[in-house]
Each structure stands twice: as C-alpha cells, then as structure tokens.
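Asker: Build me a structure from this.
(chains A and B, ligands or ions: 3)
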Amino acid sequence: MIPAPFDYVRATSAGHALELLTEHGDEAKLLAGGHSLLPMMKLRLAVPSVLIDIGSLDELAGIAVDGDDLVIGATTRHADVAASDLVRAEAPLLAWSAAQVGDPQIRHRGTIGGSLAHSDPAADLPMALTALGGSMELAGPNGPRTVAADDFSAGYFETAMEEDELLTAVRIPRRPGEPWGYQKFTRRANDWAIVGVATVAGRVALANMGARPLRATAVEEALAGGASVSDAAALAAEGTEPGEDIHADREYRQHLARVLTRRALEGRTG
Amino acid sequence: MKVQLTVNGEARADDVEPRLLLVHYLREVLGLRAANVGCDTTSCGACTVLLGGRSVKSCTVLAVQADGAQVTTAEGLATGGELHPVQAAFRQEHGLQCGFCTPGMVMAATGLLSENPHPTEAEVREGLEGNFCRCTGYHNIVRAVLAAAGQLDGEGALEQEVAQ
Ligand SMILES: Cc1cc2nc3c(=O)[nH]c(=O)nc-3n(C[C@H](O)[C@H](O)[C@H](O)COP(=O)(O)OP(=O)(O)OC[C@H]3O[C@@H](n4cnc5c(N)ncnc54)[C@H](O)[C@@H]3O)c2cc1C
Ligand code: FES
Ligand code: FES
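Answerer: Ligands and ions are numbered 1, 2, ... in the order given. Here you go, the predicted structure:
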C-alpha cells in the first residue's frame, strides 16, 4: 500500500512549522513519528497534500522538571519516555503507559505529542494524561495557550486544537511515591486496549469506554467518600456508552471496566 | 526529492518521491531484499531494520524521514565473511523454518541486545513482541537470542540457563 502523492517539507524550527501550517491550511498535516498518520495515508483514509515533518526537531523533544511539573516535549519518542529515570521517578504511571504502546519498533518512532494529537480513545497516553491531571501546551498564530487533559480530546480523532496550532509539550504534575495502578486488556500482541484503566492519587481514567478518555467520576467520588475499593470499582461503568466491535460488545466492556478498575485501584499493573 | 543516507556503512544519495517507503527504497532502489514486506500494516515486523541504531518497521517510515540517518539491514550485519553473532546463533539454534520472518527477527534482536545486552527470557519474548513468526512457535528464536547474548559478551547465557 502506497500513500497518495504529497509534498514533503522538513520544518527547521517550531516557528517554521507554524508558518508552514498557516501557509498550507487544511491541505497540510504535521508528521511526527508517522505511526498513526502513515498507516492512515497508506489506507488513503488521510490524503494530505503537504506533510510538515517535525519529527527531528530537537527543540520539541526532551524531558525536564519545571517547578512542580514534569514537562515533556511533543516529539519525545515513547521509548524515551518509558526509559527516562526522571519520568520513572516523578510520574511512574506515565513511564509505564509509554512502555505499553504497541511494540519496541513502534515505541522507537511514535511520539507522545503525536499520540495525544491523534486522539484515539483506545490509546494509552491520552488515558495516562487524563489520570495524571496533565495539560497540553499549544503554540499557534495567536500565541501560546494551555489546555487541560480533561478538555483536550473532543471525541474520536478530534481535539481542542485548531488546524493551525502545534502541540509543543505536555505538562504533568510530579507525583513521586503516589500509589498508582494501570490495566490494559488486550487479546493480541502490540494492540490497543479493549478497555484500559489508569489511576493515581484518587483519580481514575478509562480508555476505550467512549469517544474520548473518560474520568470515572462516580468511582472517584465514592473513594473520596470513604468507599472500599471493590464498592467504588463497581461504579466504573456508570454513565459510559462504550462502542461495540469485533473484540467486545457494550456489556462486556462495562464488565471489563469494573474488573480492571478494581485491579488498578489495588495498585496492580498488567 | 534528494535523500542522503548511510546504508550498511555506504553513503547513498538518491532522488526519491516523498511517498516512497523506506522498505521499498531498500528493496527496489538499492536492491537490498533482506527486509521483507509481510503485513504492510506495522504489525508483523518482517520489514524491521535499524534506523540510527534503533529497530523500526521500514514499511511505516518514509525514505525521506531517513535523510541524514544511518540504516542497517540484515545484509549489513556480517563482517569479513563472518556471520554476526545474532545470525550465527539463529543458525546454531535453528531459530528459523521458512525464513520469511528471519531478517526482521534478526534485526529486532540485534536492536534489543544493543539496548539490553543481558536480557532474561521474558525480556527477549517481550522485546520481540513486534515480530510475528508463523512457523517456529518462537521457542528456538528465543533460544537463539539468549545464545547470542552469551556469545556477544563471551559468557554463554544459554549454557548457564540450561545448567540451572
Ligand atoms: C501497529 C500499531 C500498534 C499501535 N499500538 C498502540 C497501542 O497499543 N497504544 C497506543 O496508545 N498507541 C498505539 N499505536 C499508535 C502509536 O502510539 C502512535 O505512535 C501515535 O498514536 C502517534 O504518534 P506519532 O508521533 O507516530 O504521530 P503521527 O502519526 O506523526 O501523527 C498523528 C497525528 O497527530 C498529528 N500531530 C503529530 N504531532 C503533532 C503535534 N506536535 N502537534 C499537533 N499535531 C500533531 C499529526 O498531524 C497526525 O494527525 C499503535 C500504532 C501502530 C501502527
Ligand atoms: S511489513 Fe512492516 S510490519 Fe509487517
Ligand atoms: S520461520 Fe517462517 S515465519 Fe518465521
């Protein structure tokens, strides 16, 4: 499978990428790791006429501490997030989440910013950012702005970003030593979650239980009110309307959400 | 569009269409046919090569994305007529049957050992998660990678494992 023809431009800086986005409008797509965009272009589900490659921009990559936050550049690869001692110490849930994406080859190419911008509700990192209470830093022709993870995904493959905006970094509150858990239910190697649950410090996020990563607010409220883990986890599917596919129907997904939430709240990973 | 890259230690410069996939560049422009196209959907790993020393699926990388980089394919592993230790271990341990997955397996294993020279059996199995084999049942592939790990540092991880 070969993508439809397109022009390729390698951005020389974040500012250059923004200029190119403004110049080419909705004809153009940013290319980071290419591990969501290129498969879609090969299937001709995406046919951009210009690709703006930001994948090798050092200025957008890297991991640093900024006060109470950890800041991770948008083009930081999943493998580098997973292997970072800083991330493992300050936000172990995020390092674990990055290590669950696909397989080693995919993690060598895919980027944290690409995963968030792609906004697949079954993906690992959007769920992790939701659990962690992170935020996205955007740059655009009208200057920079920040969007909370809870407000970032706007549904299947849609975000709060404008077409001429660039995700430059993600920001995560440092949570060293806080109890966390992560559950990803799959039936095949290198696959997306049929249902996923991530929890840290009383926050609970669900993957593939709707059109976007969801907070399990009923569970969070029950926990805050002193409910036991199993009583709280029993509320995990409340208010959800998960989709149905070859892997699972709605009821099965809701069952998985309850079971996996209990396991995640017990601090288990899997 | 012009690309300049180093493939198996040799400098290459070619004019390519931006949509040309790295695997097609390697196979059709350079005639290096070790990397196979199995699934064409980033799943099977038959097209695995090293890009900047890291394993990648070359069916999901554009040749233009490799501009300026070092690419290594299975053809580039052997030196001076001697098989690379990972290749030799695949032969010794019968880590292949039909051989279709093998170049990708060997490159994924080479990348894995460069990141983790002393993997446990579980780490080898997880490290090869992105490579499918329809013939061997994986057992001898895992043995081969463990054997290569021993050979690479001259210690014999497999012998130690067997001795336990
Ligand atoms: C076989 C396979 C299995 C996978 N399994 C999983 C899995 O288990 N879990 C999981 O979470 N993911 C999985 N993925 C997806 C993987 O995580 C991708 O790496 C990720 O979704 C996209 O990141 P990328 O850098 O490759 O983005 P690209 O493909 O380059 O871009 C994706 C989209 O985001 C836009 N974009 C990229 N960067 C920016 C930016 N900085 N600002 C604004 N827009 C931007 C692009 O224009 C494009 O629309 C899998 C992918 C494959 C091919
Ligand atoms: S052909 Fe590239 S992963 Fe299967
Ligand atoms: S040896 Fe035949 S697919 Fe692996």
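Asker: For A:Y252, what is the enclosing helix or strand?
Answerer: Secondary structure here is read from DSSP states H and E; on that basis A:Y252 sits in helix A:250-265.
Asker: what does that helix contact?
Answerer: A:181-183, A:185, A:194-199, A:204, A:206, A:208-209, A:216, A:219, A:223, A:229-230, A:232-237, A:240-244, A:248, A:270 (C-beta atoms under 8 Å, 6 or more residues apart in numbering or on different chains). C-betas here are computed from N, CA, C, even on glycine.
Asker: what comes up buried for that helix?
Answerer: Taking 16 or more other C-beta atoms under 10 Å in any protein chain shown as the basis for neighbour counts, the residues of helix A:250-265 that come out buried are A:R253, A:Q254, A:L256, A:A257, A:R258, A:V259, A:L260, A:T261, A:R262, A:R263, A:A264, A:L265.
Asker: possible to save the residues you listed as a markdown table with pLDDT?
Answerer: Output for these, formatted as a markdown table (pLDDT from 0 to 100):
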| residue | pLDDT |
| --- | --- |
| A:R253 | 98 |
| A:Q254 | 98 |
| A:L256 | 98 |
| A:A257 | 98 |
| A:R258 | 98 |
| A:V259 | 98 |
| A:L260 | 98 |
| A:T261 | 98 |
| A:R262 | 98 |
| A:R263 | 98 |
| A:A264 | 98 |
| A:L265 | 98 |
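Asker: name the helices or strands packed onto whichever strand or helix holds B:I141?
Answerer: Under DSSP H and E, the secondary-structure element containing B:I141 is helix B:139-152. Other helices and strands packing on helix B:139-152, by 3 or more C-beta pairs under 8 Å, 6 or more residues apart in numbering or on different chains; DSSP states H and E, are helix B:85-92, helix B:102-115, helix B:121-127, helix B:157-163.
Asker: measure whichever residue of the stretch 101-250 of chain A sits closest to ligand 2 to ligand 3 for me?
Answerer: For the stretch 101-250 of chain A, the residue positioned closest to ligand 2 under C-beta to the nearest ligand atom is A:Q105, at a distance of 7.7 Å. In this structure, A:Q105 and ligand 3 are separated by 17 Å, where distance is defined by C-beta to the nearest ligand atom, to the nearest Å.
Asker: Give the full set of residues in contact with that residue.
Answerer: B:T42, B:G45, B:T48, B:S55, B:V56, B:K57, B:A108, B:G130.
Asker: repeat for A:L206
Answerer: With contacts defined as C-beta under 8 Å, 6+ apart, the neighbours of A:L206 are A:M127, A:V195, A:G196, A:V197, A:P213, A:L214, A:R215, A:A216, A:A236, A:T240, A:A257, A:T261.
Asker: How about residues contacting stretch B:69-89?
Answerer: Contact partners of stretch B:69-89, identified using C-beta under 8 Å, 6+ apart, comprise B:5-9, B:22, B:26, B:32, B:34-35, B:49-53, B:91, B:95, B:102-103, B:106-107, B:109-110, B:113, B:144-145, B:147-148, B:151-152.
Asker: Neighbouring strands - and their directions - for the longest strand seen in chain A?
Answerer: In chain A, ranked by residue count with DSSP state E as the criterion, the top strand is strand A:166-173. Within its sheet, and counting by DSSP bridges, strand A:166-173 is paired with strand A:69-73 (antiparallel), strand A:135-139 (antiparallel).
Asker: want to try JSON lines for those strands, with mean neighbour count and mean pLDDT as columns?
Answerer: Written out in JSON lines, the entries for the strands paired with strand A:166-173 read as follows (neighbours: other C-beta atoms under 10 Å in any protein chain shown; pLDDT from 0 to 100):
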{"stretch": "strand A:69-73", "mean neighbour count": "22", "mean pLDDT": "98"}
{"stretch": "strand A:135-139", "mean neighbour count": "21", "mean pLDDT": "98"}
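Asker: JSON lines for the ones you listed, including distance to A:E27?
Answerer: Below are these laid out as JSON lines (distance: least, C-beta to C-beta, whole Å):
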{"stretch": "strand A:69-73", "distance to A:E27": "26"}
{"stretch": "strand A:135-139", "distance to A:E27": "20"}
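Asker: B:H84 and B:R27, how far apart?
Answerer: Counting by C-beta to C-beta, to the nearest Å, the gap between B:H84 and B:R27 amounts to 20 Å.
Asker: A:A237 too?
Answerer: 48 Å.
Asker: Please name the nearest non-neighbouring residue to B:A144.
Answerer: Leaving aside its chain neighbours, B:A144 sits nearest to B:G95 (3.5 Å; criterion: C-beta to C-beta, 6 or more residues apart in numbering or on different chains).
Asker: list the contacts for the one you found?
Answerer: Under the contact definition (C-beta under 8 Å, 6+ apart), the residues listed for B:G95 are B:A89, B:T102, B:M105, B:T136, B:N140, B:I141, B:R143, B:A144, B:V145.
Asker: Get me the contact residues on chain A for ligand 1.
Answerer: Proximity of chain A to ligand 1 (C-beta under 6 Å from any ligand atom) is limited to residues A:29-37, A:39, A:54, A:74, A:101-102, A:106, A:109-111, A:113-115, A:117-118, A:123-125, A:166-167, A:190-192.
Asker: Quick one, which of these are buried?
Answerer: Applying a neighbour-count criterion of 16+ other C-beta under 10 Å, the buried members of the residues of chain A next to ligand 1 are A:29-37, A:39, A:54, A:74, A:101-102, A:106, A:109-111, A:113-115, A:117-118, A:123-125, A:166-167, A:190, A:192.
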